[in-house]
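J.: A structural model of the following input is requested.
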Amino acid sequence: MGVPTAFWNVEDPRYYFDRELGPPVLAAAQEATLAFSTTLQLAAEYRAHGVELRNLPNYGRTFFFVAEPLPEHERAIDVLFLGTLTPERQEFLQEYRSALGQRWNLVVRDDVRDPSMLRGLVSTARLGLSIGTMTDSVRAGGARVRGEGVTERVFDYPLAGTPVLSDRRGHLADVLTEGEDVFVFEDVRDATQRTKDLLADADARACAVGTARRKVLQRHLGRHRLHTIAGALADQDGASGLLRDAVERARAHLEDPMVLA
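T.: All right, here's what the predicted structure looks like:
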């Protein structure tokens with residue numbers, strides 16, 4: 001109909017290689033005027049099908065936001081992991097818990113979906129752990145493909161005032177600064193040592209989460225991603241003047257941390 005459209009795959013590479021979901025995902029990308037993904041690691045595969053991929057990361061979900069984060073002495077959880085317990089994550093957490101020892105309170109939950117409960121857990125943790133991603137996949141033939149996109153947890157936790165210790169992701173440096181906004185580990189042994197060091201250094205955690213929180217509020221909420229998509233569409237031939245005007249009007253609200261809708 002001549003209307004510019006956008007497709008955003010937030011589950012690459014898993015969706016791309018899925019036998020059932022892969023074909024419609026690729027078809028949608030091919031039909032769209034613009035195609036976005038949370039990782040560019042499959043850019044060559046998409047290009048082979050005539051699709052030029054643009055990177056658009058995940059974002060912080062505003063239901064995690066608390067206006068006044070709890071102080072250190074009111075946080076009862078030392079380390080929190082939220083997420084689906086895949087075999088990879090279970091193996092990691094078992095070894096991590098054993099290496100961490102009994103001194104630290106590690107809470108692992110994969111059964112919570114209610115936004116207020118999620119916010120309550122995160123806001124009472126001293127450190128949030130991000131391991132693995134549901135976007136990991138397996139190619140035909142059995143080769144494992146690790147998703148390099150940044151998980152939403154890295155953006156969610158700072159909104160509740162909780163710093164993040166994450167495994168290394170290829171696109172992490174695109175959005176946050178390692179050692180300043182987010183802490184990164186290489187393996188279980190490294191994660192254990194970094195956890196112990198961070199739990200003993202409240203100042204380092206407070207400094208990191210402060211800068212991360214500001215960046216998420218200013219650059220990495222859902223409205224920022226939608227504005228990017230709308231702005232890219234507004235630049236296309238056939239875009240309406242109404243869309244261009246709306247994009248320009250919305251720009252004034254993007255960096256207002258109190259506008260969370």
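
J.: tell me how many other residues crowd the spatially closest residue to S116 that is not a sequence neighbour.
T.: Nearest residue to S116, sequence neighbours excluded (Cβ to Cβ, 6 or more residues apart in numbering): F63, at 7.6 Å. (Each C-beta comes from the backbone N, C-alpha and C, glycine too.) By other Cβ atoms under 10 Å, the residues close to F63 number 14.

J.: quick check, pLDDT for F63.
T.: Note on F63: pLDDT of 96.

J.: ok, now how distant is it from D114?
T.: F63 is 10 Å from D114, where distance means Cβ to Cβ, to the nearest Å.

J.: A27 too?
T.: From A27 to D114 the distance is 35 Å (Cβ to Cβ).

J.: domain parsing for this protein?
T.: Split into domains by automatic domain parsing, the chain comes to 6-59+220-251, 62-218.

J.: three-state assignment of V122?
T.: helix (DSSP: H, G, I helix; E, B strand; the rest coil).

J.: just to revisit the earlier point, higher neighbour count, A27 and D114?
T.: A27 (12 against 9).

J.: contact partners of the helix or strand containing the more buried one?
T.: Taking DSSP states H and E as the criterion, A27 maps to helix 22-31. Contacts with helix 22-31, where a contact means Cβ atoms under 8 Å, 6 or more residues apart in numbering, come from 5, 7, 9, 15-16, 18, 35, 46, 49-51, 53.

J.: make it 10 Å
T.: Applying Cβ atoms under 10 Å, 6 or more residues apart in numbering, the contact partners of helix 22-31 are 5, 7-9, 11-18, 35-37, 45-46, 49-53, 137.

J.: and for stretch 116-125?
T.: Contacts for stretch 116-125 (Cβ under 10 Å, 6+ apart): 61, 63-66, 68-70, 74-82, 105, 107, 109, 111-112, 114, 128, 153, 156-163.

J.: so of those, which ones are in strands?
T.: Using DSSP state E, the subset of these located in strands is 77-82, 107, 109, 128.

J.: scan these and report the most crowded one.
T.: G128 (25 neighbours).

J.: check contacts around that residue.
T.: G128 touches 77, 79-82, 121-122, 153-154, 156-158, 160, 162-166, 182, 209, counting by Cβ under 10 Å, 6+ apart.

J.: rerun that using 8 Å as the cut-off
T.: G128 neighbours (Cβ under 8 Å, 6+ apart): 79-82, 122, 153, 157, 162-165.

J.: same question, N9
T.: Neighbours of N9 in contact, by Cβ under 8 Å, 6+ apart: 15-16, 25, 29, 35-38.

J.: now, which of these sits nearest L242?
T.: F36 (22.0 Å; Cβ to Cβ).

J.: can you verify the closest one is assigned to a helix?
T.: No - secondary structure of F36 (three-state DSSP): strand, not part of a helix.

J.: isn't it up against L56?
T.: Yes - assessed by Cβ atoms under 8 Å, F36 is found in contact with L56 at 4.0 Å.

J.: now the common contact residues for the two.
T.: Contacts common to F36 and L56, judged by Cβ under 8 Å, 6+ apart, are 8, 229.

J.: next secondary structure after the helix-or-strand element of the chain with minimal mean pLDDT?
T.: One helix or strand of the chain scores below all others by mean pLDDT, DSSP states H and E: strand 137-138, with a mean of 68. The element immediately downstream of strand 137-138 (helix or strand, assigned by DSSP H and E) is strand 144-145.

J.: pull up the pairing partners for that next one, direction included.
T.: Using DSSP bridges, the neighbouring strands of strand 144-145 in the sheet come out as strand 137-138 (antiparallel).
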